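>>> I would like to see how this sequence folds:
(2 chains)
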Amino acid sequence: GESVGLHLPTLSVQEGDNSIINCAYSNSASDYFIWYKQESGKGPQFIIDIRSNMDKRQGQRVTVLLNKTVKHLSLQIAATQPGDSAVYFCAENIHRGMGNQFYFGTGTSLTVIP
Amino acid sequence: DAGVTQSPTHLIKTRGQQVTLRCSPKSGHDTVSWYQQALGQGPQFIFQYYEEEERQRGNFPDRFSGHQFPNYSSELNVNALLLGDSALYLCASSSPAGDTQYFGPGTRLTVL
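From the prediction side, this is the model:
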């Protein structure tokens, strides 16, 4: 079956350093991926997405890399700030019939140390 | 431009009861998906509604049902509540043009 997993459940970084959060996915048919940020007591917030025909996509302070050969995603956050502390999820999109659904991993908890 | 809204914010029920959760999608969105998120876990897909029909369903029992209204808002109903149904229930909406799903703040359901 499909599964999305994260290599590290927790990550602590110093403020100002770069953060890298990794994610493995198992379904080669997945064609679209999203990174979400979830703060305590809130719903997941869209950060950045990437389609399977791309290897890299950049946003403001964030970059997503996709390696389809090994089914691996990473999220890089530049100059990490205390406000970046949250749980980060990668989600893979799979089309089934007329609809689509996202499969989420367990999440990585990022703590930024001031 | 309002994002996805959900009500109520919190809810406490007892085993065996029934519950209805509500969701209004982001303006311009016509597709609504529901997810269940247990504590410390990632969201799990329950089902997706489009044009007032259930278009896709995840691995959840028939106790979980839903509805979508002509204005694209949606309800999630859970019958015969179990302790294990305690979770954060998330609604996500997407536009006709794309797959990207935007989430609401969720409803925290506690079953005692």
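>>> Up against chain B, what does chain A have?
Proximity of chain A to chain B is confined to A:4, A:32, A:34, A:36, A:42-46, A:49, A:89, A:91, A:93, A:96-107 under the rule CB under 8 Å from any CB of the partner chain. Any C-beta I mention is one placed from the backbone N, CA and C, and that applies to glycine too.
>>> residues near A:E39, how many?
Applying other CB atoms under 10 Å in any protein chain shown, we find 12 residues neighbouring A:E39.
>>> Run through the bridge partners of the nearest residue to it once chain neighbours are set aside.
In space, and not counting its chain neighbours, A:E39 is closest to A:A86: 4.7 Å by CB to CB, 6 or more residues apart in numbering or on different chains. Under the criterion DSSP bridges, A:A86 forms beta bridges with A:L110.
>>> residue contacts, A:A86?
Going by CB atoms under 8 Å, 6 or more residues apart in numbering or on different chains, A:A86 touches A:37-40, A:109-110.
>>> Give me the pLDDT for it.
We have a pLDDT of 97 for A:A86.
>>> gap between it and chain B?
A:A86 is 13 Å from chain B, where distance means CB to the nearest CB, to the nearest Å.
>>> May I have the strands that pair with the worst-scoring helix or strand of chain B on mean pLDDT, each with its orientation?
Here the helix or strand of chain B ranked lowest by mean pLDDT, DSSP states H and E is strand B:53-57, holding a mean of 92. According to DSSP bridges, strand B:53-57 forms sheet pairs with strand B:44-50 (antiparallel).
>>> Which residues does the partner strand contact?
Against strand B:44-50 from outside (CB under 8 Å, 6+ apart): A:98-104, B:30-38, B:54-58, B:60, B:64, B:66-68, B:74, B:76.
>>> can you rerun that using 6 Å?
Strand B:44-50 is contacted from outside by A:99, A:101, B:31-36, B:54-58, B:60, B:64, B:66, B:68, B:74, using CB atoms under 6 Å, 6 or more residues apart in numbering or on different chains.
>>> Name only those of these that count as buried.
By neighbour count, with 16 or more other CB atoms under 10 Å in any protein chain shown, the contacts of strand B:44-50 hold A:99, A:101, B:31-36, B:55-58, B:64, B:66, B:68, B:74 as buried.
>>> By mean pLDDT, point me to the weakest helix or strand of chain A.
Lowest on mean pLDDT, DSSP H and E among the helices and strands of chain A sits strand A:4-5, with a mean of 54.
>>> Show me where chain A dips below the pLDDT cut-off.
Low-confidence segments of chain A (pLDDT under 70): A:1-8.
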